[in-house]
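S.K.: with the sequence up front, the predicted model follows.
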Amino acid sequence: METAPSSVSCLPHQTKMSKAKKVLEEAREIQNPELDLFDKGVATFEEMPGLLNMTNITRLTLSLNRLKSVPPGLANLTNLEIINLANNQIEDLPLSLSSMPKLRILNLSINRLYTLPRGFGAFPVLEILDLTYNNLKEDSLPGNFFMMETLRALYLGDNDFEKLPPEIKNLKNLEILGLRENDLIELPKEIGELSRLRELHVQGNRLTIIPPELGNLDMSSNKAAFRFEGNEWVQPIADQLQLGINHLQDYLRSETYRILYNRYLTNKPPVPPPCVDKAKKVSRIR
Amino acid sequence: MMMVNQKDASPRIPRLGAIENSSLAQRRASKGSKDDLSYYRYEEYDNVPLTPKPINEQSLKVSWVTNIANMSRDNMLCSKCGEGFEAQEKIVNSTGQLWHQQCFVCAQCFREFADGVFYEYDGRKYCEHDFHVLFAPCCQRCGTFIIGRVIKAMNSSWHAECFRCEMCQLELADTGFIKNGGRALCHECNAKVKAIGLGKYVCHKCHSMIDDQPLKFRGEVYHPYHFNCTACGVELDANAREVRNRPGLAKNDTNELYCLRCHDKMGVPICGACRRPIEERVVTALGKHWHVEHFVCAKCEKPFFGHRHYEKKGLAYCETHYHQLFGNLCHHCNQVIAGDVFTALNKAWCVHHFACSVCDQKMNQKTKFYECDLKPVCKKCYERFPKELRNRLRRQHEATPRRAPTPSD
């Protein structure tokens, strides 16, 4: 089998490989449905022979490896509920993943994704999708991305979104929306329709103003976490944030703010420049 | 009617129909009874032999000798035959009339009255035997002649002691009766029969029907207004409470009645749901007492019946609805957390589902972990984050001092 060209030395590579094989053998022996293959130094799926035949497994953890791609055959493991590919070097995904019938949790954080395959939003039961720390932006999302009504958590932090499509409102069950450190210029007012939303991370963006509709959200319950720091907020919002999240919520609901918001939109003030230098992001490496 | 006495002025036999003069009516009047006499649809008279003072010939004779000594016997005539009397002839004097001894006989058998006892009917005199045979009433119950008090009711005659309530056998002669479906009943039984027919209770005290809510007390039903509160003395209504204050004693006989106010002050626990006292098992929760069946989930209203309940803002919930409403669903499995709840980063987990979000390795309360976007990251995985990301995350946390520092410990 072809080994990854990035392999440096043979000896550590061999030991790592044997580690992965060992885990696979053990798992086969005891019929363990949860497979832990994190930090095994694997760069391709070929280094894990027989993995794609282990149809009984429900969890596959492959984080902290050097995987660059995912074979379409992974979708044959139809009992998988959790796939964790965090902290790899994945640039491409097969479309077949989105047809996996039981997949509830998919972690693709800290990878090198610039795009998602067309039709990627077809997951039937996906609940948590973690795409933190990739190179995604609104253009790279497939058309059906916001059809995943079962999603409870969508992590898009550390990406390159400037806008979020208004179709976000289709994710009716969304409780967590992570948009930390993107390039967001504005938030869609449709976020205010996500009645179950209790976590919103928009720190470190280029936001200046918040649609009044977001006042509909319950920002001040003890389960809620709404994070707005590190933006270019207009002064009244900055002042309310200083006072606390419930002050902001009351303010967003006020008539005063509605007037201010409309006046602000008609004035069309300049968009703040990107404030975070992302050139050093590891995900950029080609 | 049968018994007529025209001549004898004896007060013992009232005129027929003159019931208000009867001894019964007089007894009632003397008692000040206000009972409506229209109830008492029987008639009563005393059927007693006349002349209990037998005719004493000697005294009669003497009396006549002395009283009428200077009267000529020629002027005296026998009431029966109209003949005069011989000089030495015995004269019978009865009720102001004079008789030949042979004329003073039973109108039926023409024999002298035994012991001088006779009965008079329609102006004629009868010996006891013939009077009974001809005129005396027969008791409908025992079939024997009625001597003395005669009760005429239900188209028959009765001995006073034979005229009884057909249900409870109570003597009716002095209390009166009510005709109910061809039966003579006492007031009590009549009321019962009537009440049963109407589906109502009869007060055990006044025996009349209870139209409103009855009060149960010591196993019987009453009009509530017959009683007063044991504590404050107020007249009771149907909300009164029977208190078994000495549980060791027989079931009913030490029970006492209290008005609702006093009862509530006596320390009997009151159900927080229905506000009524709890006589049996008491559930104490949320700072209140509850009937077992009234301690229910605030959402689905099913009783807990001893199952685990969850309290939130003064309300109790079943496990399912507590979690449904208050979000104690596991972030990982999205199921209600059955056992202990692991709470961190604004989320909850099943204890065995709390794991590093990167390597999926289980963590416990003692494991040190970092947070990134409110996801738990174990130390090992955090250190493998890209260095520039770690720097940014660190700066960000430094910029928000009120938040938990990056290392969660």
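M.R.: That came through fine. Quantities reported herein were computed from a predicted structural model and do not represent experimental measurements.

S.K.: got the buried residues for stretch A:91-108?
M.R.: Neighbour-count burial for stretch A:91-108 flags A:91, A:93, A:94, A:97, A:98, A:100, A:103, A:104, A:105, A:106, A:107, A:108 (criterion: 16 or more other C-beta atoms under 10 Å in any protein chain shown). In this view, the C-beta of every residue, glycine as well, is placed from N, C-alpha and C.

S.K.: quick check: residue B:320 vs chain A, distance?
M.R.: According to C-beta to the nearest C-beta, to the nearest Å, residue B:320 and chain A sit 18 Å apart.

S.K.: counting neighbours, what do you get for that residue?
M.R.: Counted with other C-beta atoms under 10 Å in any protein chain shown, residues neighbouring residue B:320 total 14.

S.K.: widest-spaced pair of the buried residues of stretch A:91-108?
M.R.: A:91 and A:104 (24.5 Å; C-beta to C-beta).

S.K.: can you tell me the closest non-neighbouring residue to residue A:75?
M.R.: residue A:96 (3.6 Å; C-beta to C-beta, 6 or more residues apart in numbering or on different chains).

S.K.: typed the wrong thing, it's residue A:165
M.R.: Using C-beta to C-beta, 6+ apart, the nearest residue to residue A:165 is residue A:138, at 6.0 Å.

S.K.: pLDDT score assigned to that neighbour?
M.R.: Residue A:138 carries a pLDDT score of 93 in this model.

S.K.: again with residue A:264
M.R.: The model's pLDDT for residue A:264 equals 91.

S.K.: equivalent analysis for residue B:251, please.
M.R.: pLDDT, residue B:251: 59.

S.K.: got it, and the one 10 residues further on?
M.R.: Residue B:261 is assigned 81 on the pLDDT scale.

S.K.: same question, residue B:70
M.R.: Reading off the model, residue B:70 has pLDDT 44.

S.K.: residue 113: neighbouring residues, count only.
M.R.: You didn't say which chain, so I picked chain A. 19.

S.K.: I was after chain B.
M.R.: Around residue B:113 there are 21 residues (other C-beta under 10 Å).

S.K.: same question, residue B:362
M.R.: 12.

S.K.: that one reaches residue B:355, doesn't it?
M.R.: Yes. If you go by C-beta atoms under 8 Å, residue B:362 and residue B:355 touch, sitting 5.1 Å apart.

S.K.: shaky segments in the chain?
M.R.: Assuming you mean chain A. A:1-17, A:275-277, A:279, A:286 (pLDDT under 70).

S.K.: meant chain B, my bad for not saying
M.R.: B:1-74, B:95, B:244-253, B:327, B:400-409.

S.K.: do you know how far the residue in the stretch 151-300 of chain B positioned nearest to chain A is from residue B:343?
M.R.: When scored by C-beta to the nearest C-beta, the stretch 151-300 of chain B has residue B:299 as its residue closest to chain A, at 17.7 Å. According to C-beta to C-beta, to the nearest Å, residue B:299 stands 22 Å off from residue B:343.

S.K.: interface residues of chain B facing chain A?
M.R.: Counting by C-beta under 8 Å from any C-beta of the partner chain, chain B comes close to chain A at B:327, B:331-332, B:334, B:346-347, B:357-361, B:372-375, B:381, B:384-386, B:388-389, B:392, B:396, B:399-400.

S.K.: check which residues of stretch B:264-277 are buried.
M.R.: B:268, B:270, B:271, B:272, B:277.

S.K.: what segments of the chain are helices?
M.R.: All of this is about chain A. A:10-30, A:235-243, A:245-253, A:255-267 (DSSP state H).

S.K.: please go with chain B instead
M.R.: Under DSSP H, chain B gives helices at B:23-31, B:57-67, B:128-134, B:187-198, B:260-264, B:319-326, B:379-383, B:387-399.

S.K.: so what touches the fifth one?
M.R.: Taking contacts as C-beta atoms under 8 Å, 6 or more residues apart in numbering or on different chains, the residues outside helix B:260-264 that touch it are B:229, B:230, B:231, B:232, B:239, B:240, B:241, B:243, B:270, B:277.

S.K.: follow-up on the earlier one: quick one: contacts for the residue nearest to residue A:75?
M.R.: A:72, A:73, A:74, A:75.

S.K.: hang on, the earlier thing: just the buried members of the residues of chain B next to chain A?
M.R.: Neighbour counting over the residues of chain B next to chain A (16+ other C-beta under 10 Å) leaves B:327, B:331-332, B:346-347, B:357-360, B:372-375, B:381, B:384-386, B:389, B:392, B:396 as the buried ones.

S.K.: how close does residue B:106 sit to chain A?
M.R.: 115 Å.

S.K.: touching, that residue and residue B:128? I think so.
M.R.: No. Using C-beta under 8 Å, residue B:106 is not in contact with residue B:128; the gap is 9.0 Å.

S.K.: between those two, what contacts are shared?
M.R.: Common neighbours of residue B:106 and residue B:128 (C-beta under 8 Å, 6+ apart) are B:113, B:118.

S.K.: for the stretch 301-409 of chain B, what spans make up the strands?
M.R.: B:310-312, B:315-317, B:341-344, B:347-350, B:369-372, B:375-378 (DSSP state E, counting those that start in this stretch).

S.K.: same thing with chain A?
M.R.: According to DSSP state E, chain A carries its strands in the segments A:34-36, A:59-61, A:82-84, A:105-107, A:128-130, A:153-155, A:176-178, A:199-201, A:225-227.

S.K.: please see if the third one touches chain B.
M.R.: Yes. Using C-beta under 8 Å from any C-beta, a contact is recorded between strand A:82-84 and chain B, made by A:82, A:84.

S.K.: give me the contacts around that strand.
M.R.: A:38, A:58-63, A:74, A:97, A:103-107, B:358-360.

S.K.: that one pairs with which strands, and in what direction?
M.R.: strand A:59-61 (parallel), strand A:105-107 (parallel) (DSSP bridges).

S.K.: could you do the fifth one as well?
M.R.: Within its sheet, and counting by DSSP bridges, strand A:128-130 is paired with strand A:105-107 (parallel), strand A:153-155 (parallel).

S.K.: just to revisit the earlier point, surely the residue nearest to residue A:165 is in contact with residue A:161?
M.R.: Yes. Counting by C-beta under 8 Å, residue A:138 does reach residue A:161; the two are 5.6 Å apart.

S.K.: which of these two has more neighbours?
M.R.: residue A:161 (20 against 15).

S.K.: ok, the residue nearest to the more buried one when sequence neighbours are not counted - how many residues close by?
M.R.: Of all residues not flanking residue A:161 in the chain, residue A:182 sits nearest, at 4.2 Å (C-beta to C-beta, 6+ apart). A count of nearby residues for residue A:182, using other C-beta under 10 Å, gives 29.

S.K.: residue A:182 reaches residue A:163, doesn't it?
M.R.: No. Look at residue A:182 against residue A:163 with C-beta under 8 Å: they stay out of range, at 9.5 Å.

S.K.: for burial, what's the neighbour tally of residue B:145?
M.R.: For residue B:145, the count of nearby residues is 18 (other C-beta under 10 Å).

S.K.: and residue B:353, by the same measure?
M.R.: 15.

S.K.: what about it, distance to residue B:296?
M.R.: From residue B:353 to residue B:296 the distance is 30 Å (C-beta to C-beta).

S.K.: one more: residue B:103?
M.R.: Counting by C-beta to C-beta - residue B:103 and residue B:296 are separated by 100 Å.
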